[in-house]
Each structure stands twice: as structure tokens, then as C-alpha cells.
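> Sequence and computational prediction follow.
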Amino acid sequence: MMIKEISLEGLPEIIRIFPLDKCVLLPKAILPLNIFEPRYLEMIEDAMKSDKYIGIIQPSISKKENSDTEEVGCLGKISTYVENDDGTLIVKLTGVCRFNINEKLDSDTAYNQMRVSYNQFKDDLKLNDPIKSIDRDKLLNVISDYLNVNDLTTDWSVITDTDTEILINAFAMLSPFSSEEKQALLEAKNIENRSEILIALSEMSIASRNDKKNNFIQ
């Protein structure tokens, strides 16, 4: 799906909710999903028949106040849809805007629906100019070190050619951080703050992996 500016007024007030542990969706980033559970197959089919919007949110991490989910998630729009021979679906969501949960609704659908607000995150909808306040070289070095210590490979030319905001959000989504760390990245005030958190988490992970390797060698 081509990323284009969307108005706050054009976003749905009531959305379908897909809770996923240790998984977040961030604005302008792509999240591939393999859908096989009946209630979520129903959810995707319903979305395809209407506005194609789905809200991705983590189940409650702290378990406080008997909440089923975290308070902040991200709205995504289905950008590709493939039906497999066995009836399962492969879809890709493009992140649109983060939201706050206002109310869990009673519904006759097998999946949950919630009333949400986007006001706190309206800047997610802006098509930003190149971000000059972020040290892109430092970011790329951290990503390179993180991939190396975790024995991960990728097409580096794709990374270096990727827009800074999309790179930060994609790396935050793909990295195997904890649920709490993923939520912190999701709830970051802005892309600069998310970049700072991402670099700090990555550097801690790199240091931890290096310590383990050194202890093993000794």
C-alpha cells in the first residue's frame, strides 16, 4: 500500500482488535500475518468487506485492573491479502496511527471490538520530511552490530536505502525484545524518542551477547 497522508477524521472510531504478544505494529511499517484461527479469519474477512482496518495490540502485560490488553495499540490497514488452499490467510498490514483504548464493546462477533481515540498520536499521520535530528550513522552501526552478534543476515543495501523513520519502526518491530520493551517502543512520544530507546535496548542486548560469548571462551 502506498503511504499517503490520512486525516484524523477519516479513521474509524470502532475497530476490530487483534491481540498479539511480543508483537507491535508501528506507523508506516509493514507487519505480515499468517491467519489461521477461526475468529481471526472472520475478522479479516469482515475487514476486507468494509474499511480493511484492524487494530494490533498486546495482551495486558502487567495484568493490572483486570484489563485484557494494553492501553495503546496501532491501527493497521490490510495492504495485501492471499488465501491459501487450506483456507488460512496471509495478509500484510501497513501501520497507520497509534490509538488509546476508550472502551471495550459488547459484540456479536467472535473477535473483540473497541472504541478508540487517536488524538494523542495525530502526528503519526504526518508525512515527515527527512529526520535530521537522528544520528543515522549511529543507528546503522547499532543495527549492524546487533545483526552480527545475533548471527543474523540481511540485504544491507535495502537497510541503507530505507527511509529513517520506516527503518526505525521496522527494526523495532522485528527485533526480539520483551513485551515490555516492545510496548515502550510503541508508546514512545515521537520517532526521535523511539530511536533513542531502540539504540539503548540494542546496545544492552549487544553487550549481553558479547559477555556471554566472552564467558564461554574463558
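Arrived safely. Numbers count the residues shown, from 1 in each chain.

> start to end distance for stretch 153-165?
21 Å (CA to CA, to the nearest Å).

> list the buried ones in it?
Neighbour counts over stretch 153-165 (16 or more other CB atoms under 10 Å) mark 159, 164, 165 as buried. For the C-beta atoms, the positions are set from N, CA and C on the backbone; glycine is no exception.

> could you say what helices and strands the longest strand along the chain packs with?
Ranked by residue count, the top strand of the chain under DSSP state E comes out as strand 89-105. When contacts are defined as 3 or more CB pairs under 8 Å, 6 or more residues apart in numbering; DSSP states H and E, strand 89-105 packs onto strand 30-35, helix 38-49, strand 53-57, strand 72-83, strand 113-117.

> Quickly run through the sheet partners of the first one, with directions.
Strand 30-35 pairs in its sheet with strand 89-105 (antiparallel), by DSSP bridges.

> relative to strand 72-83, how tilted is the strand it pairs with?
Comparing the axes of strand 89-105 and strand 72-83 via axes from the mean of the first three to the mean of the last three CA atoms, to 10 degrees yields an angle of 150 degrees.

> Point out where this structure drops to low pLDDT.
1-5, 63-67, 128-130, 211-218 (pLDDT under 70).

> Please repeat the previous calculation with a cut-off of 50.
Low-confidence segments of the chain, defined by pLDDT under 50, are located at 1-2, 216-218.

> Going by length in residues, pull out the top helix of it.
helix 191-217 (DSSP state H).

> Using TSV, lay out the buried residues of stretch 153-165 together with distance to residue 187 and secondary structure.
As requested, the buried residues of stretch 153-165 are exported to TSV (distance: CB to CB, whole Å; DSSP: H, G, I helix; E, B strand; the rest coil):
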residue	distance to residue 187	secondary structure
159	25	helix
164	20	helix
165	16	helix
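
> how distant is the longest strand of the chain from the center of its chain?
10 Å (CA atoms, centre = their mean, to the nearest Å).

> Could you identify which of the helices and strands packed on strand 89-105 is most buried?
Each of the helices and strands packed on strand 89-105 was scored by mean neighbour count; the highest is strand 53-57, a mean of 24, by mean count of other CB atoms under 10 Å.
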